[in-house]
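Visitor: this is a predicted model, with the sequence first.
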Amino acid sequence: EKHGIILGIETSCDDTGCAIVDTNGNILGEALNSQHLIHLNNGGIIPPIAQDLHRQNIENVVNEAYRQSGVSFKDIDAIATTIKPGLPMSLHIGTKYGKHLCRLHNKPFMPIHHMEAHALTARMHDKSIEFPFMVLLISGGHCLVAVAKDVDEFLLLGESIDDAPGEAYDKMARRMKLKNLPEYSTMSGGQAIETAARKSDNPLGFKFTTPMLFYKDCNFSMAGIKNQVFRHLVREEKENNVTADGVIPKVNNLCAAFQLCVTRHLCHRLQRGMEYAEEKGYIPQENKTLVVSGGAACNNFIAEGVQMVCDTLGYKFVRPPPKLCTDNGVMIAWNGIERWKRNIGIYKDFEHIEIEKS
Ligand code: KG4
Ligand code: ZN
């Protein structure tokens with residue numbers, strides 16, 4: 001098998017990440033700068049601010065991963081960099097820096113698809129995962145179910161027609177003013193709602209209907225769930241006095257009901273996707289695997305639901321550790337490795353390669 005060492009760069013959203021990984025899946029060095037707290041205080045990601053922060057941090061992040069690795073640039077075979085999908089202003093910084101390193105050290109450039117990287121990371125951890133396998137990617141920017149047929153061949157079965165789950169969690173947390181409670185002040189919306197929901201004494205205290213139950217496709221939608229939360233929230237705010245922090249007294253129950261509804265919906269759509277894929281023969285009956293990744297895959301309640309779907313339909317359930325589920329440089333370097341081994345997507349001539357929004 002072809003040996004190699006790849007340096008990977010990630011800047012598609014609000015994390016500046018870099019890692020150096022080898023063909024055996026060893027992480028030789030890694031560094032990450034998260035802009036999370038800054039965007040949390042701004043009430044969401046403002047693209048020019050994200051871009052500035054990437055620009056300020058990219059060099060340090062790369063240098064730190066490089067220093068840790070102890071390898072020298074002459075031993076690095078290629079530079080892999082996320083070029084899509086993501087915020088164009090953010091993608092631009094990583095791509096520019098990646099190309100700069102390639103020119104400086106005379107290395108080939110490997111353009112990487114961020115979602116492919118999320119899906120393939122699981123293979124770095126668990127070498128027994130073979131193509132084809134099912135993937136559920138749930139993050140702040142994405143929501144999709146697909147069949148990973150090969151390193152560079154994905155069949156999209158369904159995606160969200162509006163918000164991604166992480167995005168819905170973030171918006172709900174903001175609307176519920178969870179950040180005003182010190183305990184949640186530095187958490188992502190997803191973490192805050194998951195933590196609040198765990199404290200609920202009555203998760204069924206609010207009734208929600210699961211969207212798209214009668215749709216035959218595998219798409220997702222968060223809009224209906226969000227609207228239901230809004231309606232309950234407005235009523236609670238009117239009927240019960242909110243606390244000094246602006247939070248409703250029954251916030252834990254509302255979080256639990258929201259989370260239950262999102263989980264039901266994700267599980268229902270995933271199950272449809274699995275049944276469809278099997279019916280079409282995309283997934284072999286023996287050796288069925290589901291990989292779940294993306295920031296919202298850190299949610300243990302969602303993971304338990306997905307695990308149940310897997311148990312019922314005979315799938316092996318694989319979830320990378322949280323650090324690899326959220327955006328990071330390792331997954332980009334690993335995607336570079338997967339491509340390096342197969343000799344695909346390696347560009348000595350790379351000036352024409354540009355970022356793509358989607
Ligand atoms: O994958 P990621 O780091 O960035 C992209 O969106 O690509 O995911 C970040 C998202 C945020 O929206 C955050 O609220 C969500 O993942 N998230 C969670 C949890 N932890 C992070 N959502 C639900 N439950 C969690 N425990
Ligand atoms: Zn991501």
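Guide: Nice, I can see it. Ligands and ions are numbered 1, 2, ... in the order given.
Visitor: now do the residue in the stretch 201-350 of the chain positioned nearest to ligand 1, the pLDDT please.
Guide: Across the stretch 201-350 of the chain, no residue is closer to ligand 1 than Gly295, which sits at 2.0 Å (Cβ to the nearest ligand atom). Any C-beta I mention is one placed from the backbone N, CA and C, and that applies to glycine too. Confidence at Gly295, expressed as pLDDT, is 95.
Visitor: is it true that it touches Asp327?
Guide: Yes - counting by Cβ atoms under 8 Å, Gly295 touches Asp327, with 7.3 Å between them.
Visitor: so which residues on the stretch 101-250 of the chain come close to ligand 2?
Guide: Proximity of the stretch 101-250 of the chain to ligand 2 (Cβ under 5 Å from the ion) is limited to residues Ser139.
Visitor: ok, which stretches of the stretch 101-250 of the chain are strands?
Guide: 109-113, 133-138, 143-150, 153-159 (DSSP state E, counting those that start in this stretch).
Visitor: let me have those strands in TSV, extended by mean pLDDT.
Guide: Converted to TSV, the strands of the stretch 101-250 of the chain look like this (pLDDT from 0 to 100):
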stretch	mean pLDDT
strand 109-113	98
strand 133-138	98
strand 143-150	98
strand 153-159	97
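Visitor: any idea which of those gets closest to Gly29?
Guide: Using Cβ to Cβ as the measure, strand 109-113 is the one of those that comes nearest Gly29, at 17.7 Å.
Visitor: give me the angle between the closest one and strand 153-159.
Guide: 30 degrees (axes from the mean of the first three to the mean of the last three Cα atoms, to 10 degrees).
Visitor: export strand 109-113 as PDB, just CAs?
Guide: Extracted in PDB, the C-alpha atoms of strand 109-113 (Å, rounded to 0.1, in the frame of the first residue of the first chain):
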ATOM      1  CA  PHE A 109      -2.400  20.500  -3.500                       C
ATOM      2  CA  MET A 110      -5.400  18.300  -2.700                       C
ATOM      3  CA  PRO A 111      -8.800  20.000  -2.700                       C
ATOM      4  CA  ILE A 112     -11.200  18.500  -0.100                       C
ATOM      5  CA  HIS A 113     -15.000  18.400   0.200                       C
END
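Visitor: that one vs ligand 1: in contact?
Guide: No - contact of strand 109-113 with ligand 1 (Cβ under 6 Å from any ligand atom) is absent, the minimum separation being 12.8 Å.
Visitor: what sits up against that strand?
Guide: Strand 109-113 is touched from outside by 6, 8, 78-85, 95, 98-99, 102, 332, 335-336, 339-340, 345-347, 350, 353, with contacts defined as Cβ atoms under 8 Å, 6 or more residues apart in numbering.
Visitor: which parts of that strand are buried?
Guide: The neighbour-count criterion (16 or more other Cβ atoms under 10 Å) identifies Phe109, Met110, Pro111, Ile112, His113 as the buried residues of strand 109-113.
Visitor: any idea which of those is closest to His265?
Guide: Distance to His265, by Cβ to Cβ, is smallest for His113 among those, at 25.8 Å.
Visitor: dump the residue contacts of the residue of the stretch 201-350 of the chain closest to ligand 1.
Guide: Gly295 makes contact with Ile138, Ser139, Gly140, Gly166, Ser188, Gly190, Cys325, Thr326, Asp327, according to Cβ under 8 Å, 6+ apart.
Visitor: dump these to JSON lines, plus distance to Ile302.
Guide: Listed next are the contacts of Gly295 as JSON lines, based on distance: Cβ to Cβ, whole Å:
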{"residue": "Ile138", "distance to Ile302": "7"}
{"residue": "Ser139", "distance to Ile302": "12"}
{"residue": "Gly140", "distance to Ile302": "14"}
{"residue": "Gly166", "distance to Ile302": "11"}
{"residue": "Ser188", "distance to Ile302": "14"}
{"residue": "Gly190", "distance to Ile302": "9"}
{"residue": "Cys325", "distance to Ile302": "11"}
{"residue": "Thr326", "distance to Ile302": "14"}
{"residue": "Asp327", "distance to Ile302": "18"}
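Visitor: for the residues you listed, give me a markdown table that also has distance to ligand 1.
Guide: Supplementary listing: these in a markdown table, determined by distance: Cβ to the nearest ligand atom, whole Å:
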| residue | distance to ligand 1 |
| --- | --- |
| Ile138 | 8 |
| Ser139 | 3 |
| Gly140 | 3 |
| Gly166 | 3 |
| Ser188 | 4 |
| Gly190 | 2 |
| Cys325 | 7 |
| Thr326 | 3 |
| Asp327 | 4 |
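Visitor: okay, now the residue of the stretch 101-250 of the chain found nearest ligand 2: neighbour count?
Guide: The nearest approach of the stretch 101-250 of the chain to ligand 2 comes at Ser139, 4.5 Å away (Cβ to the ion). When neighbours are counted by other Cβ atoms under 10 Å, Ser139 registers 25.
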